[in-house]
Every structure is written in structure tokens, then in C-alpha cells.
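Trainee: Test case, fold it:
(one chain, ligands or ions: 1)
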Amino acid sequence: MTALIRPTLLAGAALLLAFGAWQHLGPDSADAYESRDLVLDGSEPQTMDQFLTAVTGDVDKYWTDVFADAGLPEPRVGYSWIPAGQSVASACDDGTAMGDSAAAYCPGDDTIYISQKFASDIYSGALDQALPGSSQGYGGTIGDFAVAYIVAHEYGHQIQDELGLFGRGLPTVQLELQADCYAGAWAKSADQENRLEDGDLQEALGAALAVGDFDAGNPGHHGTPEQREQAWYGGFESGDPASCGSYLG
Ligand SMILES: [Zn+2]
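Mentor: Here you go, the predicted model:
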């Protein structure tokens, strides 16, 4: 865990907001990150670890501005980029530590957990066909902005935590689609600053389709591919995170 830390523990929270279910089928990928597309402030990230941190900082800056405009205190969150082959304990452990498939926000320790292997496999395309949606022909995952979508989505859950949306008994799918919408709203801000390049939009839309699932009867359902794509694009089109409240019933 590094900067942006607010070591608040939320009593009794053991909610895990994973990005979605997936299987690791691809070969190990190098964790070297070849910088392209999304233009980030400061020095160019050279590794996935650095890229995840840079995107988190970018998303954090966006939400800090949004919250300031709304008269809210600065959002703060911890993050942990899990090295390949390792696992880390979290307040969301239910017998399984966060490992190579982790991409989650844990309200219990206010921390975003993303596996560097998972992120590298998204970036390289190794997981392209292995996700619930993409395995059925919906979308695909490759490129830096697919990874950025995941980071912004998990940060969206942290925003929901800041706004007190957990503990209201909202269905998972509503929170997931709102987090996708939040990710789109952040992407819009980057686009308005001319920091997206060709392909970024498609990378995010492809990833949103790819992580959609069809298990609508399951309480853990995160939304169908179409729902997730539309939620992300809705946030991108409006550029207004308040519009994302429409996903909450
Ligand atoms: Zn989620």
C-alpha cells in the first residue's frame, strides 16, 4: 500500500466489490509496460506497477475536483498492486486472499487491490477471450485504456463508499453499473483534456463488453455486456457523474 492512504476501517464491512469473474487462461506476460495512448502527467510509467499508480492518481485528481465542486472533502483511498504469484490479506478475505486474479475495492480497509498479473494480461491481450463476455463473443480486452477502465471502475466503488452508498442493500448490479458509468465520466474528462488517443475509446468499450456476464439470476451479477458497455458510454457521453445515479434503484 502506498500513498493516498486514509487508514479508516469501516466497522463490519466485509463487502467485496470485485470487477467480475474471470479465469486465467493466458500465458504469463511480461510486466513491462509500453507507454502509449493515454497521456499521463509526470514521468512515463515503465512498469505495470507504475502505470496503475499513475492512472489511480489521475482518477483521484478528477474525483478530488468533482468533490471540491460539490463541497465535499477530498476522497482518499489506499491501493495495493499485488505482484505476480503473490497474494495479500485484506479486510475482505473470506478465506481467500487477494491474488493473481484480483481487481477489487475493499470497503473494509478502503483499499483498491489489483493484481499486476491480471492487469498485465489485460494490457497484453492474454485474457482477451477468457472473460465472461468475451468468451461469448462480446468485446475483448487489450491495451492501456482497458486497464485504465478497470482502475477507474474500482475507484468508482471507492466513491460509492465515500458517498455512503454501501450498506443500503442495493443490488450488486446497480453499484457495478454506476461504477462503470463513473469510469466513463472520468474518461470524458481525460478526453476533454485531449489526453486520449486513437483506440482508447474502443479499448474501454471492448473491456466493458468483455467483463459483462450473463448470470442475471445470481446476486453477484455485474451486468450484461451490453449493460456494462452502455453504462460506461453513458458516463462518457454525459461527462457528469451525477447522471450515474440513474443506475441506482
Ligand atoms: Zn465492480
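Trainee: shaky segments in the protein?
Mentor: For the chain, the stretches with pLDDT under 70 are 1-38, 41-43.
Trainee: which residues in it form strands?
Mentor: With strands called from DSSP state E, the chain shows them at 17-18, 78-82, 103-106, 111-115.
Trainee: do you know which of those lies nearest E197?
Mentor: Closest approach to E197 among the strands of the chain (CB to CB): strand 111-115, 22.8 Å. For every residue, glycine as well, the C-beta is placed using N, CA and C.
Trainee: looking at this protein, which residue lies furthest from center?
Mentor: Within the chain, the residue lying farthest from the chain centre (CA atoms, centre = their mean) is G71, at 24.9 Å.
Trainee: Including distance to D191 and mean neighbour count, could the strands of the chain go into a markdown table?
Mentor: Output for the strands of the chain, formatted as a markdown table (distance: least, CB to CB, whole Å; neighbours: other CB atoms under 10 Å):
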| stretch | distance to D191 | mean neighbour count |
| --- | --- | --- |
| strand 17-18 | 26 | 22 |
| strand 78-82 | 24 | 22 |
| strand 103-106 | 23 | 25 |
| strand 111-115 | 23 | 27 |
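Trainee: quick one on the thing from earlier: and the residue farthest from the centre of the chain, how close does it get to the ion?
Mentor: If you measure G71 against the ion using CB to the ion, to the nearest Å, the figure is 27 Å.
Trainee: mind listing what that residue touches?
Mentor: For G71, no contacting residues are found, by CB atoms under 8 Å, 6 or more residues apart in numbering.
Trainee: again, but for V173
Mentor: 221-223, 227.
Trainee: coming back round to it: nearest to A208, out of the strands of the chain?
Mentor: For those, proximity to A208 was assessed by CB to CB; strand 103-106 is nearest, at 13.6 Å.
Trainee: what ranges do the helices span in this structure?
Mentor: Assigned by DSSP state H, the helices in the chain fall at 48-69, 116-124, 144-162, 172-192, 200-211, 225-238.
Trainee: and those as a markdown table, adding distance to S246?
Mentor: Shown next, in a markdown table, are these (distance: least, CB to CB, whole Å):
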| stretch | distance to S246 |
| --- | --- |
| helix 48-69 | 17 |
| helix 116-124 | 28 |
| helix 144-162 | 14 |
| helix 172-192 | 8 |
| helix 200-211 | 17 |
| helix 225-238 | 8 |
